[in-house]
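A.B. asks: A predicted structure for the sequence below; I have some questions about it.
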Amino acid sequence: MDHVVTLNAGSSSLKFGLFATKAGEPCVICTGLVDRIGSAEAHISARLSGGETLFDEVSDSIRDHDIALDQVLTLLQQEFPEARIAAVGHRIVHGGPDNDRPVLLTPDSLRSLESLAPFAPLHQPYNLAGAYAAMKRFPDAAQVACFDTAFHRTQSWVNDTFALPGEYYDMGVRRYGFHGLSYDYIAGHLQQTAPDLHAGRVVVAHLGNGASMCAIKDGRSVGSTMGFSPLDGLPMGTRSGQIDPGVLLYLLEQKGMEAAEVSDLLYRKSGLLGLSGLSNDMRALEKAGTTEAGNAIAYFTYRIRREMGSLSAALGGLDALVFTGGIGENSALVRQQACEEMGWLGIDLNSDANQSNATTISSDMSRVQVMVIPTNEELVIARAALNVMS
Ligand code: AMP
């Protein structure tokens, strides 16, 4: 039987999944994570689809993504010797202005994706390192790139552009939008389970360590909070989110900061971590109970409410609000604060349903249906890999 491996390579982590195929559909066998790649305490773990631990080890020899992938595949082959890997699906953060669907990776397409690395320097090179490593290991498998930007290619020019002279748009300085695999999953899920909502106006809040929101009309993206880079929009675990560009000019020109320092500040030291001075992790902030932790959560949820209003304007109204991602799926506090005083938009939460992470958390009085839907980016990648292969 053909199997599919999914890979999602970050700067120091590698998420993976192994899927069997049944009647042309991927069926998850296990998912796992290697984190702290490059450190003496890299951690490699995987769970079966039922939640049982498959392996869970610390290793001091995972120096790079090649080695991480090699160890993952060796462990998977030990556990599932019968698996025949026919396709490998890769999460690639940037597909550029033209890729609106998954593509088969070839030496030519890889070169063109490498040329997009300056647009996403902290993500694209690692994504592609995973692709090169998988090609070496499985030269006969189809290698398929699934782009975080592809779902947003339906956005209109006014959503896509900045108010700069046209030559900047032509050189690629535009709003691309990200988290597209997650939004694709949610849109597909709504199509199956709530076709009326899918045909309507939906805002999805993908709230995880990275966080963004997307306006979806009739299943298509019409606006999103992330723009040229995954820095824009909501504050995140360690990223600032939207910031007045004048602040950056001030830091560079008046405070003498180097570009690399500003990048480090915006990507790694800001967001929930910067505001709380404590942690980028929502669970830790909820537990801490300090004023700074409370302020960080308040800023996060205030920005969600503002973006909800802005995206609802882009949609011309709102029929459903969906929470997803680690925070969106699990934090009743964040969902409650994000929906506070949003009655003007037709949102009214059922507090018991919210506390229990129910699928529908709005009250019967609510004009807008508010839902919690766990995302599944790996499934989107596995499906795409099978589709492109066939
Ligand atoms: P993700 O990047 O989607 O894996 O989400 C990671 C974020 O989800 C971190 O900030 C976690 O603290 C947060 N998270 C996970 N579980 C919970 C929970 N039960 N309550 C609050 N936040 C959570």
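C.D. replies: Structure's in. What do you need?
A.B. asks: use CA for all of it now, contacts and neighbours both
C.D. replies: Noted.
A.B. asks: which residues of the stretch 101-250 of the chain lie near the ligand?
C.D. replies: Residues of the stretch 101-250 of the chain that fall close to the ligand, judged by C-alpha under 6 Å from any ligand atom: 208-210.
A.B. asks: can I get the residues you listed in a markdown table including secondary structure and pLDDT?
C.D. replies: Compiled in a markdown table, those are given as follows (DSSP: H, G, I helix; E, B strand; the rest coil; pLDDT from 0 to 100):
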| residue | secondary structure | pLDDT |
| --- | --- | --- |
| 208 | coil | 94 |
| 209 | coil | 91 |
| 210 | coil | 93 |
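A.B. asks: so residue 18 versus the ligand, what's the distance?
C.D. replies: 19 Å (C-alpha to the nearest ligand atom, to the nearest Å).
A.B. asks: apologies, that question was intended for residue 192.
C.D. replies: 23 Å.
A.B. asks: what about that residue, helix or strand, and which?
C.D. replies: Element membership of residue 192 [criterion: DSSP states H and E] is helix 180-193.
A.B. asks: can you point out the buried residues in that helix?
C.D. replies: 180-191 (16 or more other C-alpha atoms under 10 Å).
A.B. asks: cool, and stretch 379-390?
C.D. replies: Under the neighbour-count criterion of 16+ other C-alpha under 10 Å, stretch 379-390 has 379-386, 388-389 buried.
A.B. asks: which is the next helix or strand following the lengthiest helix in the chain?
C.D. replies: Counting by DSSP state H, the longest helix found in the chain is helix 291-315. Per DSSP H and E, the first helix or strand lying C-terminal to helix 291-315 is strand 320-324.
A.B. asks: any weak-confidence spans in the stretch 151-300 of the chain?
C.D. replies: Scanning the stretch 151-300 of the chain for pLDDT under 70 picks out no residues.
A.B. asks: tell me the residues of the stretch 251-390 of the chain that contact the ligand?
C.D. replies: So far as C-alpha under 6 Å from any ligand atom goes, the stretch 251-390 of the chain lies against the ligand at 281-283, 325-327, 330-331.
A.B. asks: how about 8 Å then?
C.D. replies: 280-286, 324-334 (C-alpha under 8 Å from any ligand atom).
A.B. asks: strands - which of those residues land there?
C.D. replies: Using DSSP state E, the subset of those located in strands is residue 324.
A.B. asks: how about the helices in the stretch 1-150 of the chain?
C.D. replies: Applying DSSP state H, counting those that start in this stretch to the stretch 1-150 of the chain gives helices spanning 65-79, 107-114, 124-137.
A.B. asks: the shortest one packs against which elements?
C.D. replies: Packing partners of helix 107-114 (3 or more C-alpha pairs under 8 Å, 6 or more residues apart in numbering; DSSP states H and E): helix 124-137.
A.B. asks: now do the helix it packs on: everything it contacts.
C.D. replies: By C-alpha atoms under 8 Å, 6 or more residues apart in numbering, the residues outside helix 124-137 that reach it are 7-11, 65-66, 69-70, 88, 90-94, 110, 114, 116-117, 141, 143.
A.B. asks: filter those residues down to the buried ones.
C.D. replies: 7-11, 65-66, 69-70, 88, 90-94, 114, 116-117, 141, 143.
A.B. asks: which residue is most remote from the mean position of the chain?
C.D. replies: Taking C-alpha atoms, centre = their mean, the residue of the chain most remote from its mean C-alpha position is residue 254, at 34.5 Å.
A.B. asks: give me every residue that touches that residue.
C.D. replies: Taking C-alpha under 8 Å, 6+ apart as the definition, residue 254 has no contacts.
A.B. asks: any idea how far it is from the ligand?
C.D. replies: Residue 254 is 34 Å from the ligand, by C-alpha to the nearest ligand atom.
A.B. asks: swap in residue 224?
C.D. replies: Taking C-alpha to the nearest ligand atom, one finds residue 224 at 18 Å from the ligand.
A.B. asks: kindly report the same for residue 55.
C.D. replies: On the measure of C-alpha to the nearest ligand atom, residue 55 and the ligand end up 19 Å apart.
A.B. asks: okay, that residue: pLDDT?
C.D. replies: Confidence at residue 55, expressed as pLDDT, is 89.
A.B. asks: who's in contact with it?
C.D. replies: 44-47 are the contacts of residue 55 under C-alpha under 8 Å, 6+ apart.
A.B. asks: ok, now residue 40?
C.D. replies: Contacts of residue 40 (C-alpha under 8 Å, 6+ apart): 59-62.
A.B. asks: one step back: and the direction of the longest helix of the chain versus that of strand 320-324, what angle?
C.D. replies: 140 degrees (axes from the mean of the first three to the mean of the last three C-alpha atoms, to 10 degrees).
A.B. asks: and helix 291-315, what does it pack against?
C.D. replies: Using 3+ C-alpha pairs under 8 Å, 6+ apart, helix 291-315 sits against strand 201-207, strand 211-217, strand 220-224, helix 271-276, helix 282-288, helix 332-339.
A.B. asks: partners of the first one in the sheet?
C.D. replies: Think strand 201-207. Looking at strand 201-207 with DSSP bridges, its partner strands are strand 211-217 (antiparallel), strand 320-324 (parallel).
A.B. asks: in JSON lines: those, plus distance to residue 147.
C.D. replies: JSON lines is the format used below for these (distance: least, C-alpha to C-alpha, whole Å):
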{"stretch": "strand 211-217", "distance to residue 147": "16"}
{"stretch": "strand 320-324", "distance to residue 147": "19"}
